[in-house]
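**Student:** Here is the input, now give the coordinates:
(one chain, ligands or ions: 1)
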Amino acid sequence: MIESRGEVDAVVVGAGFAGLYAHHRLRQLGLTLQGYEAAGNVGGTWWWNRYPGARCDVESMDYCYSFSPELEQEWIWSERYATQPEILRYVDHVAARFDLRRDIRFETRVTAATWDEAAQRWRVTTDRGDQVSAQFCIMAVGCLSAVKQPEVNGIDTFRGLTVHTGRWPHEGVDFTGLRVGVIGTGSSGVQSIPLIAQQAAHVTVFQRTPNFTMPAKNAPLDPEAVKARKAQYREHRQAMRESRAGVVVPMPEESALRVDDDARRSRFEAAWESGTLYGMVSAYNDLLVDRDANDTAAKFVRSRIRDIVDDPEVADRLSPRNHPFGTKRPCLDTDYYSTYNRDNVMLVDVRSTPIVEITPTGIRTATDEYVLDAIVFATGFDAMTGPLLGPDITGAGGVALGDKWAAGPRTYLGIMTAGFPNLFTITGPGSPSVLVNMLVAIEQHVDWVADCIAYLRDRNLASIDATVDAEDAWVDHVNTVANRTLFPAADSWYMGANVPGKPRVFMPYIGGLPHYTEVCDTVAANEYQGFTLTPSTPRKPERSAPHT
Ligand SMILES: Cc1cc2nc3c(=O)[nH]c(=O)nc-3n(C[C@H](O)[C@H](O)[C@H](O)COP(=O)(O)OP(=O)(O)OC[C@H]3O[C@@H](n4cnc5c(N)ncnc54)[C@H](O)[C@@H]3O)c2cc1C
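**Tutor:** Numbering: from 1, shown residues only. Okay, the predicted model is just below:
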């Protein structure tokens, strides 16, 4: 029997950084809330991704909430790049400190949300039979939460252990003495392979596309540096918000093509040694827009790979050539390339010798068979749209979100999609999201949504919906800006290229945080220009109090 959960002002789907902050802000407005989270607890990404080596690649002191000056003063990060357990401890602390769990039902997946036009409300259903009616539905479902399994025949026949990096067992995995295969060399593969190799008897890495990765130079944080940052945290946060990618990095105004080879090499060397994701990418102002400029950075990284990896053939296979530097999410690593100097690590290029099938005893490629005890799928995510298209979302006029987005996502500002009133997508497609420090993007979105809801409630407005014209113009703008860059030249998950059949559309907005934030603020200041606002009509209450 379906359990009725009554009615609330807002449903919040997801309890990662975005969902939790949404609870905090919306509760401050006095809204009644119902949260749902498929995981067993708070943390989102950091609850699911427990593989060895999982850590942030934006510096810990920047990759955390800024909304509470007290919180940022009291929390002490131990490392420059915090590990998954430390980040999860932080999220736990925040949830407890601000009492954010109380409205959340865990281990509960939202399966459907349907807009009831007459009531001007969302009817939300879960896999545990809950039904709740809400004026607002906040989709804080994450950009990287729908895991992507490899498309290989025979997975179910394998007699050993299989594990996906994005669904890592909580009790951990002991690879001691095992022959391990790892499929995938994106961020999760790059972070986990060095640690798996230290433990396992043997590791075979199956690589389709090598990626550019740079040393993280991770280290314990210097207490004096932490003190200095904390003394200026507020100013630093403001600088982060005003920076293009939500992290403060120097933005040189020079072209990589207007300097001589020595100058360029020493700039790249400094960027490489800086141990930051954005250091190399923004070493010159044209690396992401001019192929020749980009090639200078790509060549530099390839030369570094040759320096580190002993076997020139392996170094060559690890060297990316098919996509411009930085156009697939670059990685930060600890000892990734040098791991291939170990005797117990082997690299298999599955572009030239594709995987044919997984067998009961291992992996068979076009030319060889590899006997394995365990297979790790580091195959990433159905990014950005995957989590939004997981539930059946039906908007005005019975239109399904999946049908509306059949040719790719269409949003206004990445926050709303026309025809789905009062449904907000935190860091949705069409917003800077995965191209920037996501904590900055999340806070900016949640603040915008909370202010919007406050505006509606103050004026007794029932709903807000993006106009098709505003959405079309925004989608055009997102595409125009992307097409000025080299990003569309890569078969990346930004483009949906890692998921067979997914439309090839550059999903995030690459125009930078400051411009994007200014547009969002201007829209709000102009009384939600580009949106249709509908007044409330008096209605009878539907049900009793919400479940808490
Ligand atoms: C390994 C890894 C490292 C990363 N490192 C960085 C980094 O250094 N810097 C950075 O900026 N970003 C990083 N990211 C991106 C990261 O996803 C974001 O920084 C951030 O954690 C996203 O928070 P979120 O709340 O938006 O989404 P998530 O943390 O993904 O949380 C969304 C939650 O929604 C839940 N959910 C989804 N659909 C449903 C449903 N239908 N019903 C119920 N619950 C649902 C999911 O279970 C999930 O727990 C990393 C991602 C990964 C995978």
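**Student:** R265 - how many residues pack around it?
**Tutor:** Other residues near R265 number 15, with proximity taken as other Cβ atoms under 10 Å. Glycine gets a C-beta too; all of them are placed from N, C-alpha and C.
**Student:** One more: the one 5 residues further on?
**Tutor:** Neighbouring residues of A270 were enumerated by other Cβ under 10 Å; the total is 12.
**Student:** Same question for E107.
**Tutor:** Using other Cβ under 10 Å, E107 has 13 neighbouring residues.
**Student:** which ones are touching A315?
**Tutor:** Applying Cβ atoms under 8 Å, 6 or more residues apart in numbering to A315 gives the contacts I305, R306, I308, V309, Y337.
**Student:** And what about T532, helix, strand or coil?
**Tutor:** Classification of T532 by DSSP: H, G, I helix; E, B strand; the rest coil places it in strand.
**Student:** Also D476?
**Tutor:** helix.
**Student:** before we move on, the earlier item: give me the buried subset of the contacts of A315.
**Tutor:** The neighbour count (16 or more other Cβ atoms under 10 Å) marks I305, I308, V309, Y337 as buried among the contacts of A315.
**Student:** Quick check: the first one vs the ligand, distance?
**Tutor:** Yep, that's I305 we're talking about. Note on I305: its distance to the ligand, by Cβ to the nearest ligand atom, to the nearest Å, is 23 Å.
**Student:** Now name the helix or strand holding that residue.
**Tutor:** In this assignment (DSSP states H and E), I305 forms part of helix 291-308.
**Student:** before we move on, the earlier item: tell me which of the contacts of A315 is nearest to the ligand?
**Tutor:** Of all the contacts of A315, the ligand sits closest to Y337, with 19.6 Å by Cβ to the nearest ligand atom.
**Student:** got the contact list for the nearest residue to the closest one once chain neighbours are set aside?
**Tutor:** Excluding the flanking residues, the one nearest Y337 by Cβ to Cβ, 6 or more residues apart in numbering is I308, at 4.2 Å. I308 is in contact with A315, Y337, S338, N341, counting by Cβ under 8 Å, 6+ apart.
**Student:** and the last one, what element?
**Tutor:** This means N341. Following DSSP H and E, there is no helix or strand that holds N341.
**Student:** And it, its phi and psi?
**Tutor:** For N341, the backbone dihedrals (degrees, to the nearest 10) come out as phi -90, psi -10.
**Student:** P514 versus that one, what's the distance?
**Tutor:** Applying Cβ to Cβ, to the nearest Å, the value for N341 to P514 is 43 Å.
**Student:** and what of R241?
**Tutor:** Distance check for R241 against P514: by Cβ to Cβ, it reads 8 Å.
**Student:** Just give me the closest of the contacts of I308 to Q34.
**Tutor:** Distance to Q34 across the contacts of I308 (Cβ to Cβ) is lowest for Y337, with 47.5 Å.
**Student:** Please, which helix or strand holds that closest one?
**Tutor:** Y337 belongs to helix 336-339 when elements are defined using DSSP H and E.
**Student:** After that helix, which helix or strand is next?
**Tutor:** Later in the chain than helix 336-339, the nearest helix or strand by DSSP H and E is strand 345-349.
**Student:** for that following strand, the distance to its chain's centre please.
**Tutor:** Taking Cα atoms, centre = their mean, to the nearest Å, the mean C-alpha location of strand 345-349 is offset from the chain mean by 28 Å.
**Student:** After it, heading C-terminal, what element do we hit next?
**Tutor:** Scanning forward in sequence from strand 345-349 by DSSP H and E, the next helix or strand is strand 355-359.
**Student:** Which residues of the stretch 101-250 of the chain lie near the ligand?
**Tutor:** Within the stretch 101-250 of the chain, the positions lying close to the ligand (Cβ under 6 Å from any ligand atom) are R109, V110, A140, V141, G142, C143, L144, S145, S188.
**Student:** at 8 Å what do you get?
**Tutor:** Residues of the stretch 101-250 of the chain lying close to the ligand by Cβ under 8 Å from any ligand atom are 108-111, 126, 139-146, 165-166, 187-188, 191, 246.
**Student:** Stretch 28-43 spans what distance, first to last residue?
**Tutor:** Taking Cα to Cα, to the nearest Å, the first and last residues of stretch 28-43 lie 21 Å apart.
**Student:** what do you get for stretch 213-226?
**Tutor:** 27 Å.
**Student:** Quick check: mean pLDDT of it?
**Tutor:** The average pLDDT for stretch 213-226 rounds to 97.
**Student:** Residues contacting that stretch, please?
**Tutor:** If you take Cβ under 8 Å, 6+ apart as the criterion, stretch 213-226 is touched by 55, 57, 60-61, 76-81, 190, 272-275, 277, 279-280, 301, 330-334, 336-337.
**Student:** repeat for stretch 259-277
**Tutor:** By Cβ under 8 Å, 6+ apart, stretch 259-277 touches 57-59, 80, 214-218, 247, 249, 252, 256, 279-280, 283-284, 296-297, 300-301, 304, 330, 332.
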